[in-house]
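K.L.:
pasting a predicted model and its sequence here:
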Amino acid sequence: MDDISTSILFLILALLICCSAFFSSSETGMMSLNRYRLRNLVNEKNRSAKRVDRLLQRPDRLIGLILIGNNLVNILASAIATVIGLRLYGDVGIAIATFVLTFVILIFAEVTPKTMAAVYPERIAFPASIILRPLMVVLYPFIWLVNGISNNILKVFGYNPEAGSDSALSSDELRTVVNEAGAMIPQRHQDMLVSILDLEKVTVDDIMVPRNEIAAIDINDDWEQISRQLIQSPHTKQLLFRDSIDDSVGFVHARDALRLMARDQFDKNNLLRATKDIYFIPEGTPLNVQLLKFQRNKRRIGLIVDEYGDIQGLVTLEDILEEIVGDFTTTITPQPSDEIHPQIDGSYLLNGNANIRDINKEMGWHLPTNGPKTINGLIVEYLEDIPDANISLRLAGYPMEILEIENNTVRQVRVIPNLYQKPKSD
Ligand SMILES: Nc1ncnc2c1ncn2[C@@H]1O[C@H](COP(=O)(O)OP(=O)(O)OP(=O)(O)O)[C@@H](O)[C@H]1O
Ligand SMILES: [Mg+2]
């Protein structure tokens, strides 16, 4: 190197530090690219994205290439810096060169470019790929050798370097992604997306109209009462049964009843003939499954039966859709707000038959939903007994006072929400 002037050596050194900065930044840029954005750009046929994607398909080779390049230029730079140090200051120069070069490389070739790449991965990685791609071809034998040795060492320790990282999302991770979409997706849409993911966690029993609230007509009643009920019920489809709901005949649609009336054929036999057979749903069916089953069977209403074939309740397509988009206006079933009565002292009076899920949703409480569906059921299960009035208890962290008992069920409770309670995740 004696015949190269010191100023040229300085120039080469500066150039090498620039190359080092390039490799450092492209390493961080490539590795911190958002995989889902990249996928999206690839699908949109973005050329840079496609090139980057191809490089990233073998991360071991890409890292090999970048690190070979980076180390090569760093080591060369240190050799040149040593020569410069020797020339300028003699033996002490080696120490000075080592110290100064470490500092310069850290700042200009490592920390600064890497930080920039971490903040703007696409701006760095996309243009860098234009250089990295041909470099990969040129240096391929060298990369192959280095990777081959390093992969075999990894295998000795029980790792499989060719497995690739598993970037498939679980539904919980997808939920986090949706929640973090921030302002990109309007809040209402985010809520809907999360609700769709949540459908699998909710079963038909959780949202059904319980058996005792099904609008149903006993075909053995006298005809006048049947007609009155058909006309006055707020529901379009009503269940026809003989003596007991367990002996159900089918659903009768108000439209069909109307047609019979118009033709003057409105009597028991014709009404029975106009009923539609019942669609049964096994209890415990998750909502996402049921939604598809309604679609496949072209049904909109079904009865939920338990393992003994006893009818537990009723669920409609509308009920499942409401889980996704929120309540529709046509719902005539009692709203949670009808069953929750705020008091001046900050407590709430609840009806015993209020649905726990509805209350949690309305109030943001965390009463357990994995057991009974109603407040009454929850209290009875907790006490393992039919309670007396004026009993106070603390259920899932919520102080409660039973105010009224009727026919062995809790009719009214007072709940004092503890404002300082930490929400429990359910
Ligand atoms: N026979 C019934 N008994 C009790 N609740 C019912 C009955 N039919 C429907 N519901 C409830 O009423 C709500 C509205 O359901 P849906 O829209 O299917 O019925 P609808 O409004 O009576 O009929 P449609 O919209 O077809 O005129 C849902 O919450 C559903 O569970
Ligand atoms: Mg309706």
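P.N.:
Received it, and whenever you're ready, just let me know what you need. Numbers count the residues shown, from 1 in each chain. Ligands and ions are numbered 1, 2, ... in the order given.
K.L.:
tell me the contacts of the nearest residue to residue 125 once chain neighbours are set aside?
P.N.:
With sequence-adjacent residues excluded and distances taken as C-beta to C-beta, 6 or more residues apart in numbering, residue 125 is closest to residue 29, at 3.7 Å. (C-beta placed from N, C-alpha, C; glycine too.) Residue 29 makes contact with 117, 118, 120, 121, 122, 123, 124, 125, 128 under the criterion C-beta atoms under 8 Å, 6 or more residues apart in numbering.
K.L.:
could you dump the residues you listed to a markdown table with secondary structure and neighbour count?
P.N.:
Listed next are those as a markdown table, based on DSSP: H, G, I helix; E, B strand; the rest coil; neighbours: other C-beta atoms under 10 Å:
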| residue | secondary structure | neighbour count |
| --- | --- | --- |
| 117 | helix | 25 |
| 118 | helix | 14 |
| 120 | coil | 13 |
| 121 | helix | 22 |
| 122 | helix | 18 |
| 123 | helix | 13 |
| 124 | helix | 24 |
| 125 | helix | 27 |
| 128 | helix | 23 |
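K.L.:
farthest-apart pair in those, please.
P.N.:
118 and 128 (13.8 Å; C-beta to C-beta).
K.L.:
quick check: bridge partners of the closest residue in space to residue 391 that isn't next to it in sequence?
P.N.:
Counting by C-beta to C-beta, 6+ apart, residue 391 lies nearest to residue 402, which is 4.9 Å off, once chain neighbours are set aside. Listed beta-bridge partners, residue 402: residue 413 (assigned using DSSP bridges).
K.L.:
equivalent analysis for residue 311, please.
P.N.:
Bridge pairing for residue 311 - DSSP bridges - gives residue 305.
K.L.:
just checking, it touches residue 245?
P.N.:
Yes - in this structure, residue 311 is within contact of residue 245 by C-beta atoms under 8 Å, at 5.4 Å.
K.L.:
which elements pack onto the helix or strand harbouring residue 272?
P.N.:
In this structure, residue 272 sits in helix 268-274 according to DSSP states H and E. Packed against helix 268-274 by the contact rule (3 or more C-beta pairs under 8 Å, 6 or more residues apart in numbering; DSSP states H and E) you find helix 223-232, strand 244-253, helix 254-262.
K.L.:
closest to residue 228 among the contacts of residue 29?
P.N.:
Distances from residue 228 to the contacts of residue 29, taken by C-beta to C-beta, are shortest for residue 122, at 69.3 Å.
K.L.:
pLDDT weak spots in the stretch 301-426 of the chain?
P.N.:
Scanning the stretch 301-426 of the chain with the threshold set as pLDDT under 70 gives 328-337, 418-426.
K.L.:
try it again at 80.
P.N.:
The model of the stretch 301-426 of the chain has pLDDT under 80 over residues 327-338, 418-426.
K.L.:
quick one: residue 246 and residue 306 touch, right?
P.N.:
No - here residue 246 does not reach residue 306: they are 11.2 Å apart, not a contact under C-beta under 8 Å.
K.L.:
quick one on the thing from earlier: make TSV out of the helices and strands packed on helix 268-274 and add distance to residue 25 and mean pLDDT.
P.N.:
Shown next, in TSV, are the helices and strands packed on helix 268-274 (distance: least, C-beta to C-beta, whole Å; pLDDT from 0 to 100):
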stretch	distance to residue 25	mean pLDDT
helix 223-232	75	90
strand 244-253	67	92
helix 254-262	69	91
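K.L.:
tabulate these (JSON lines), appending mean neighbour count and distance to residue 381.
P.N.:
Output for the helices and strands packed on helix 268-274, formatted as JSON lines (neighbours: other C-beta atoms under 10 Å; distance: least, C-beta to C-beta, whole Å):
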{"stretch": "helix 223-232", "mean neighbour count": "13", "distance to residue 381": "34"}
{"stretch": "strand 244-253", "mean neighbour count": "16", "distance to residue 381": "24"}
{"stretch": "helix 254-262", "mean neighbour count": "14", "distance to residue 381": "38"}
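K.L.:
would you turn the ones you listed into TSV with distance to residue 291?
P.N.:
Formatted as TSV, the helices and strands packed on helix 268-274 follow (distance: least, C-beta to C-beta, whole Å):
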stretch	distance to residue 291
helix 223-232	29
strand 244-253	19
helix 254-262	24
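K.L.:
of the ones you listed, which approaches residue 340 most closely?
P.N.:
Closest among the helices and strands packed on helix 268-274, using C-beta to C-beta: helix 223-232, at 27.4 Å.
K.L.:
done for today, thanks.
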